[in-house]
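Student: need a 3D model of the sequence below.
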Amino acid sequence: MTNAPSNTLVLAGTGKTGSRVAAKLTKLGLNTRTAARNGADVRFDWDDPTTHSPALADVDRVYLVPPVMRTDFADQVSSFLDLAETAGVRHVTYLSAFGIDQAPPEVAHRAVELDLTGRGAITHSILRPAWFMQNFSETFLKPVDGVITVPTGDGAEAFVDAEDIAAVAAATLASPDAHAGAQYAPTGPEALTVSDAAEVIADVTGRPATHNDTDRDAWIDGAVAAGVPAEYGEVLRMITETVASGHGSRPNNDVENVTGRPPISFADFARRTASAWVVEVAG
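Tutor: Residues are numbered from 1 along each chain as shown. Now for the predicted structure:
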């Protein structure tokens, strides 16, 4: 497979990791097709199966990102993988989640992992990254009036830059034979509490940033009221309890072993991203 002409389909091709994976594959000179509901090379909607087969035309590798903020996607992904196998896909790199190898088989992410391992015609690589550093600049960990509100207590997490996740994913898609059956857990180089991260953000912006360790039930209720599906609230409970209890991810060598360079530090990420927080505070 490595030496044959290839075409890679990147699902969620406009998203945090998908857009970066596509850019890295293109830079390597590989034919890449992004797929998303809007703004990508082809339209792809998990809830519209008529978009699946066209996206897979002439594709032999897939960067698989499942539906977001969902807990019931295993059957949809399995049907998509059936189509992919029929269409000639021979390798899938799957964006799973940290610690899912310890989850019961009925958990959707784990069900997809097990599905992939049982497909003899498709090789696979599985990524189980730590919490994204970009959560601090783009989503639920972004400071509001200088405060990061999340119920993680004094627990630490080896936050990882989406650039590093994408670099690992791109390596597996560029050389699938070398990464067949691989399971990687990309992390940053250090485990930080949210308070530690807030201090770094404050240092690079020159503006206050602190952690508010709020009540977990109230935080989840607020997320649901803001539009997060109610069933996904239990996922938020699990991931925040994992960190708060001291069982968050810890640094490993996966990024360096795959890419040949050490992972990006939170300080480097913060310096690169400082404008996001300055605009937020100023606005």
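Student: hmm, who's touching the helix or strand hosting Ala267?
Tutor: Assigned by DSSP states H and E, Ala267 falls within helix 266-282. The contact list for helix 266-282, computed with Cβ atoms under 8 Å, 6 or more residues apart in numbering, reads 133-134, 136-138, 142-146, 159, 161, 188, 190, 192, 197, 200-201, 203-205, 207, 209. Any C-beta I mention is one placed from the backbone N, CA and C, and that applies to glycine too.
Student: can you show me the strands along the stretch 101-250 of the chain?
Tutor: 123-127, 147-149, 156-157, 183-184, 192-193, 210-212 (DSSP state E, counting those that start in this stretch).
Student: distance to Leu28 and mean neighbour count for those strands - can I get that in TSV?
Tutor: Formatted as TSV, these follow (distance: least, Cβ to Cβ, whole Å; neighbours: other Cβ atoms under 10 Å):
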stretch	distance to Leu28	mean neighbour count
strand 123-127	16	24
strand 147-149	36	18
strand 156-157	30	22
strand 183-184	18	20
strand 192-193	31	20
strand 210-212	39	17
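Student: now the ones you listed in TSV, with mean pLDDT?
Tutor: Formatted as TSV, the strands of the stretch 101-250 of the chain follow (pLDDT from 0 to 100):
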stretch	mean pLDDT
strand 123-127	98
strand 147-149	97
strand 156-157	98
strand 183-184	98
strand 192-193	98
strand 210-212	97
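Student: could you dump those strands to a markdown table with distance to Val42?
Tutor: Formatted as a markdown table, those follow (distance: least, Cβ to Cβ, whole Å):
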| stretch | distance to Val42 |
| --- | --- |
| strand 123-127 | 22 |
| strand 147-149 | 37 |
| strand 156-157 | 35 |
| strand 183-184 | 27 |
| strand 192-193 | 38 |
| strand 210-212 | 41 |
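Student: that older thread, pull out the buried residues from the helix holding Ala267.
Tutor: The neighbour-count check on helix 266-282 (16 or more other Cβ atoms under 10 Å) flags 266-270, 273-274, 276-277, 280 as buried.
Student: widest-spaced pair of these?
Tutor: Farthest pair in these (Cβ to Cβ) is Asp268 and Glu280. Separation: 19.8 Å.
Student: now do the same contact list for Val147.
Tutor: By Cβ under 8 Å, 6+ apart, the neighbours of Val147 are 209-212.
Student: stretch 34-43 - what's its average pLDDT?
Tutor: What stretch 34-43 shows for mean pLDDT is 97.
Student: okay, buried residues for that stretch please.
Tutor: In stretch 34-43, counting by 16+ other Cβ under 10 Å, buried: 34-36, 40-41.
Student: check stretch 240-256 too.
Tutor: 240, 242-244, 248-249, 252, 254-255.
Student: could you list the residues in contact with that stretch?
Tutor: Contacts for stretch 240-256 (Cβ under 8 Å, 6+ apart): 98-99, 130-131, 150-158, 160, 164, 167-168, 184-191, 216, 219, 261-263.
Student: what of stretch 22-36?
Tutor: 5-15, 18-19, 40-44, 55, 59, 166-167, 170, 173-174.
Student: which of the residues you listed are buried?
Tutor: 6-15, 18-19, 40-41, 44, 55, 59, 166-167, 170, 173-174.
Student: give me the neighbour count for the closest residue to Gly15 other than its chain neighbours.
Tutor: Leaving aside its chain neighbours, Gly15 sits nearest to Val65 (6.7 Å; criterion: Cβ to Cβ, 6 or more residues apart in numbering). Residues contacting Val65 under the criterion other Cβ atoms under 10 Å number 24.
Student: over to Asp203?
Tutor: Asp203 has 14 nearby residues by other Cβ under 10 Å.
Student: and if you look at Glu231?
Tutor: If you count neighbours by other Cβ under 10 Å, Glu231 ends up with 12.
Student: check contacts around it.
Tutor: Contacts of Glu231 (Cβ under 8 Å, 6+ apart): 71-72.
Student: check the spacing between it and Thr71 real quick.
Tutor: 5 Å (Cβ to Cβ, to the nearest Å).
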